[in-house]
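In: Below are the sequence and a predicted model for it; my questions follow.
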Amino acid sequence: EPEVTQTPSHQVTQMGQEVILRCVPISNHLYFYWYRQILGQKVEFLVSFYNNEISEKSEIFDDQFSVERPDGSNFTLKIRSTKLEDSAMYFCATSGGYRTDTQYFGPGTRLTVL
Amino acid sequence: AQKVTQAQTEISVVEKEDVTLDCVYETRDTTYYLFWYKQPPSGELVFLIRRNSFDEQNEISGRYSWNFQKSTSSFNFTITASQVVDSAVYFCALSSQGGSEKLVFGKGTKLTVNP
(Lines give C-alpha, C1' and ligand atoms only; values in the text may rest on other atoms or scores of the structure.)
Protein backbone atom coordinates (compact mmCIF):
# COMPACT_ATOMS: atom_id res chain seq x y z
CA GLU A 1 0.00 0.00 0.00
CA PRO A 2 1.45 3.39 -0.96
CA GLU A 3 2.49 5.55 1.95
CA VAL A 4 3.89 8.94 2.77
CA THR A 5 7.47 8.85 4.01
CA GLN A 6 9.34 11.47 6.00
CA THR A 7 12.97 12.02 6.83
CA PRO A 8 14.57 12.32 9.24
CA SER A 9 12.50 10.64 11.92
CA HIS A 10 14.18 12.75 14.57
CA GLN A 11 16.17 15.96 14.21
CA VAL A 12 18.00 17.70 17.00
CA THR A 13 19.24 21.20 16.32
CA GLN A 14 20.52 24.26 18.09
CA MET A 15 18.40 27.37 18.37
CA GLY A 16 18.98 29.66 15.42
CA GLN A 17 19.96 26.88 13.03
CA GLU A 18 18.16 26.08 9.81
CA VAL A 19 16.43 22.74 9.40
CA ILE A 20 14.87 21.08 6.39
CA LEU A 21 12.27 18.39 6.86
CA ARG A 22 11.58 16.14 3.91
CA CYS A 23 8.53 14.29 2.74
CA VAL A 24 7.94 11.94 -0.15
CA PRO A 25 4.25 12.04 -1.02
CA ILE A 26 2.19 9.17 -2.31
CA SER A 27 2.77 9.03 -6.02
CA ASN A 28 0.07 10.79 -8.08
CA HIS A 29 -1.12 12.81 -5.12
CA LEU A 30 -1.48 16.48 -5.94
CA TYR A 31 -2.12 18.21 -2.62
CA PHE A 32 0.49 18.50 0.09
CA TYR A 33 0.31 19.70 3.64
CA TRP A 34 2.39 20.25 6.72
CA TYR A 35 0.98 20.01 10.21
CA ARG A 36 2.65 20.16 13.57
CA GLN A 37 1.89 18.71 16.95
CA ILE A 38 3.51 20.11 20.04
CA LEU A 39 3.95 17.34 22.58
CA GLY A 40 0.65 16.36 24.16
CA GLN A 41 -1.36 18.83 22.14
CA LYS A 42 -3.59 18.73 19.11
CA VAL A 43 -2.47 18.61 15.52
CA GLU A 44 -2.32 22.07 13.92
CA PHE A 45 -2.33 23.01 10.26
CA LEU A 46 0.68 24.89 8.95
CA VAL A 47 0.43 25.11 5.19
CA SER A 48 -1.12 23.58 2.09
CA PHE A 49 0.58 23.39 -1.29
CA TYR A 50 -0.83 22.70 -4.71
CA ASN A 51 0.41 23.23 -8.23
CA ASN A 52 3.75 24.44 -6.94
CA GLU A 53 2.42 27.18 -4.79
CA ILE A 54 1.06 27.73 -1.32
CA SER A 55 -2.73 27.62 -1.30
CA GLU A 56 -3.18 28.44 2.35
CA LYS A 57 -1.08 29.02 5.43
CA SER A 58 -1.83 29.45 9.08
CA GLU A 59 -0.70 32.16 11.48
CA ILE A 60 2.01 29.80 12.69
CA PHE A 61 3.56 29.71 9.23
CA ASP A 62 5.47 32.98 9.43
CA ASP A 63 8.46 34.22 7.45
CA GLN A 64 10.72 31.70 9.15
CA PHE A 65 8.96 28.89 7.35
CA SER A 66 9.01 27.98 3.69
CA VAL A 67 7.96 25.03 1.58
CA GLU A 68 8.92 23.79 -1.82
CA ARG A 69 8.86 20.79 -4.08
CA PRO A 70 12.25 21.17 -5.70
CA ASP A 71 12.48 18.01 -7.75
CA GLY A 72 8.90 16.94 -8.30
CA SER A 73 9.09 14.25 -5.67
CA ASN A 74 10.29 15.57 -2.32
CA PHE A 75 8.16 18.11 -0.53
CA THR A 76 10.17 20.06 2.01
CA LEU A 77 9.55 22.29 4.97
CA LYS A 78 12.35 24.67 5.88
CA ILE A 79 12.63 26.54 9.13
CA ARG A 80 15.25 29.25 8.70
CA SER A 81 16.16 30.09 12.25
CA THR A 82 14.73 27.64 14.73
CA LYS A 83 13.34 28.69 18.08
CA LEU A 84 12.78 26.62 21.18
CA GLU A 85 9.04 26.75 20.57
CA ASP A 86 9.48 25.08 17.17
CA SER A 87 10.11 21.83 19.00
CA ALA A 88 7.28 19.58 17.89
CA MET A 89 6.35 16.63 15.72
CA TYR A 90 5.95 17.73 12.11
CA PHE A 91 3.65 15.71 9.91
CA CYS A 92 3.48 15.77 6.16
CA ALA A 93 0.16 14.79 4.60
CA THR A 94 -0.87 14.30 1.01
CA SER A 95 -4.16 13.83 -0.77
CA GLY A 96 -5.21 12.81 -4.22
CA GLY A 97 -7.02 14.60 -6.98
CA TYR A 98 -9.43 16.77 -5.10
CA ARG A 99 -8.87 19.27 -2.34
CA THR A 100 -11.09 17.52 0.15
CA ASP A 101 -9.88 14.03 -0.54
CA THR A 102 -8.64 12.10 2.45
CA GLN A 103 -5.26 13.26 3.69
CA TYR A 104 -2.78 10.53 4.45
CA PHE A 105 -0.10 11.32 6.95
CA GLY A 106 3.53 10.41 7.09
CA PRO A 107 5.09 9.02 10.27
CA GLY A 108 6.31 12.45 11.33
CA THR A 109 9.62 14.10 12.12
CA ARG A 110 10.27 14.92 15.73
CA LEU A 111 12.15 18.21 15.87
CA THR A 112 13.96 19.09 19.06
CA VAL A 113 15.44 22.58 19.34
CA LEU A 114 18.00 23.04 22.10
CA ALA B 1 -15.04 29.40 11.82
CA GLN B 2 -14.64 25.68 12.13
CA LYS B 3 -14.20 23.93 15.42
CA VAL B 4 -14.02 20.38 16.68
CA THR B 5 -14.60 19.52 20.30
CA GLN B 6 -13.62 16.26 21.91
CA ALA B 7 -14.75 16.73 25.46
CA GLN B 8 -13.28 13.47 26.76
CA THR B 9 -9.60 14.01 27.42
CA GLU B 10 -8.88 10.51 28.66
CA ILE B 11 -10.85 7.30 28.89
CA SER B 12 -9.76 4.12 30.55
CA VAL B 13 -11.57 0.83 30.04
CA VAL B 14 -10.96 -2.83 30.65
CA GLU B 15 -10.48 -5.12 27.69
CA LYS B 16 -13.70 -6.30 26.01
CA GLU B 17 -15.65 -3.29 27.17
CA ASP B 18 -17.35 -1.13 24.58
CA VAL B 19 -16.30 2.49 24.47
CA THR B 20 -17.64 5.55 22.67
CA LEU B 21 -15.54 8.58 21.81
CA ASP B 22 -17.47 11.77 21.34
CA CYS B 23 -16.91 14.42 18.69
CA VAL B 24 -18.91 17.61 18.23
CA TYR B 25 -18.18 19.95 15.37
CA GLU B 26 -19.05 23.46 14.28
CA THR B 27 -19.11 24.77 10.73
CA ARG B 28 -21.20 27.13 8.66
CA ASP B 29 -20.55 25.25 5.47
CA THR B 30 -23.24 22.97 4.10
CA THR B 31 -20.72 20.62 2.54
CA TYR B 32 -18.05 19.32 4.83
CA TYR B 33 -16.10 16.20 5.70
CA LEU B 34 -15.47 14.53 8.99
CA PHE B 35 -12.60 12.24 9.82
CA TRP B 36 -11.24 10.08 12.57
CA TYR B 37 -7.53 9.41 12.94
CA LYS B 38 -5.77 7.14 15.38
CA GLN B 39 -2.42 8.02 16.90
CA PRO B 40 -0.85 4.99 18.59
CA PRO B 41 2.04 5.37 21.04
CA SER B 42 4.47 5.14 18.12
CA GLY B 43 3.21 8.57 17.03
CA GLU B 44 1.98 8.21 13.47
CA LEU B 45 -1.49 9.34 12.41
CA VAL B 46 -3.56 6.55 10.95
CA PHE B 47 -6.65 7.35 8.90
CA LEU B 48 -9.76 5.51 10.07
CA ILE B 49 -12.77 7.00 8.32
CA ARG B 50 -14.02 9.88 6.18
CA ARG B 51 -17.64 10.89 6.05
CA ASN B 52 -19.24 13.66 3.99
CA SER B 53 -22.04 15.85 5.26
CA PHE B 54 -24.62 14.38 2.90
CA ASP B 55 -24.15 10.85 4.05
CA GLU B 56 -25.68 10.31 7.44
CA GLN B 57 -25.63 6.56 7.30
CA ASN B 58 -23.84 4.99 10.16
CA GLU B 59 -20.87 2.89 9.27
CA ILE B 60 -19.47 -0.27 10.76
CA SER B 61 -16.05 -1.69 10.09
CA GLY B 62 -15.29 -4.73 12.19
CA ARG B 63 -15.27 -3.64 15.82
CA TYR B 64 -15.45 0.04 14.85
CA SER B 65 -18.63 1.96 14.19
CA TRP B 66 -19.41 5.59 13.61
CA ASN B 67 -22.62 7.49 14.36
CA PHE B 68 -23.05 10.71 12.38
CA GLN B 69 -25.89 12.95 13.51
CA LYS B 70 -26.23 16.26 11.72
CA SER B 71 -29.02 17.38 14.04
CA THR B 72 -26.61 17.42 16.97
CA SER B 73 -23.43 18.11 14.93
CA SER B 74 -21.86 14.97 16.28
CA PHE B 75 -19.74 12.24 14.80
CA ASN B 76 -19.15 9.67 17.52
CA PHE B 77 -16.90 6.65 17.32
CA THR B 78 -17.59 3.38 19.10
CA ILE B 79 -15.16 0.53 19.62
CA THR B 80 -16.87 -2.72 20.48
CA ALA B 81 -15.11 -5.32 22.58
CA SER B 82 -12.04 -3.14 23.02
CA GLN B 83 -8.56 -4.63 22.91
CA VAL B 84 -5.25 -3.50 24.34
CA VAL B 85 -4.09 -2.65 20.82
CA ASP B 86 -6.82 -0.03 20.63
CA SER B 87 -4.93 2.06 23.17
CA ALA B 88 -4.11 5.30 21.39
CA VAL B 89 -5.08 8.91 21.05
CA TYR B 90 -8.02 9.34 18.72
CA PHE B 91 -8.55 12.57 16.84
CA CYS B 92 -11.70 13.79 15.16
CA ALA B 93 -11.16 16.29 12.34
CA LEU B 94 -13.18 18.47 9.99
CA SER B 95 -12.63 20.02 6.59
CA SER B 96 -15.06 21.89 4.39
CA GLN B 97 -15.53 22.24 0.69
CA GLY B 98 -16.63 25.82 0.93
CA GLY B 99 -13.55 26.89 2.77
CA SER B 100 -10.10 25.52 2.92
CA GLU B 101 -9.18 21.91 2.62
CA LYS B 102 -7.11 22.04 5.77
CA LEU B 103 -8.05 19.66 8.54
CA VAL B 104 -9.17 21.18 11.81
CA PHE B 105 -8.50 18.72 14.59
CA GLY B 106 -10.02 18.26 17.99
CA LYS B 107 -7.72 17.95 20.98
CA GLY B 108 -7.96 14.19 20.92
CA THR B 109 -9.13 11.54 23.35
CA LYS B 110 -6.57 9.27 24.91
CA LEU B 111 -7.96 5.78 25.20
CA THR B 112 -6.29 3.27 27.46
CA VAL B 113 -7.48 -0.30 27.31
CA ASN B 114 -6.28 -2.34 30.26
CA PRO B 115 -5.95 -6.10 30.16
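Out: Now that the structure is in, tell me what you want to look at.

In: surely A:His29 meets A:Cys92?
Out: No. When contacts are counted by CB atoms under 8 Å, A:His29 is not listed as touching A:Cys92 (10.8 Å). The way it works is simple: take the backbone N, C-alpha and C, and place the C-beta from them, glycine included.

In: Looking at those two, which has the bigger crowd around it?
Out: When A:His29 is set against A:Cys92 and neighbours are counted by other CB atoms under 10 Å in any protein chain shown, the residue ahead is A:Cys92, at 28 against 18.

In: So what does the more buried one have for phi and psi?
Out: phi -100, psi 140 (degrees, to the nearest 10).

In: In contact with the closest residue in space to it that isn't next to it in sequence: list those residues for me.
Out: Beyond its immediate neighbours in the sequence, the residue positioned closest to A:Cys92 (CB to CB, 6 or more residues apart in numbering or on different chains) is A:Cys23, lying 3.3 Å away. By CB atoms under 8 Å, 6 or more residues apart in numbering or on different chains, A:Cys23 lies in contact with A:4-6, A:32, A:34, A:74-77, A:92, A:94, A:106.

In: for B:Glu17, same thing?
Out: Listed by CB under 8 Å, 6+ apart, the contact partners of B:Glu17 are B:81-82, B:113.

In: How about the contacts made by the closest residue to B:Ala1 other than its chain neighbours?
Out: The shortest distance from B:Ala1 to any non-neighbouring residue, by CB to CB, 6+ apart, is to B:Glu26 (7.4 Å). When the contact criterion is CB under 8 Å, 6+ apart, the partners of B:Glu26 are B:1-5, B:73.

In: what about 10 Å?
Out: For B:Glu26, the residues meeting the contact criterion (CB atoms under 10 Å, 6 or more residues apart in numbering or on different chains) are B:1-5, B:73, B:94, B:104.

In: export the residues you listed to a markdown table and tack on neighbour count and distance to B:Thr20?
Out: Converted to a markdown table, these look like this (neighbours: other CB atoms under 10 Å in any protein chain shown; distance: CB to CB, whole Å):
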| residue | neighbour count | distance to B:Thr20 |
| --- | --- | --- |
| B:Ala1 | 7 | 27 |
| B:Gln2 | 18 | 23 |
| B:Lys3 | 12 | 20 |
| B:Val4 | 24 | 16 |
| B:Thr5 | 14 | 15 |
| B:Ser73 | 17 | 16 |
| B:Leu94 | 24 | 19 |
| B:Val104 | 22 | 22 |
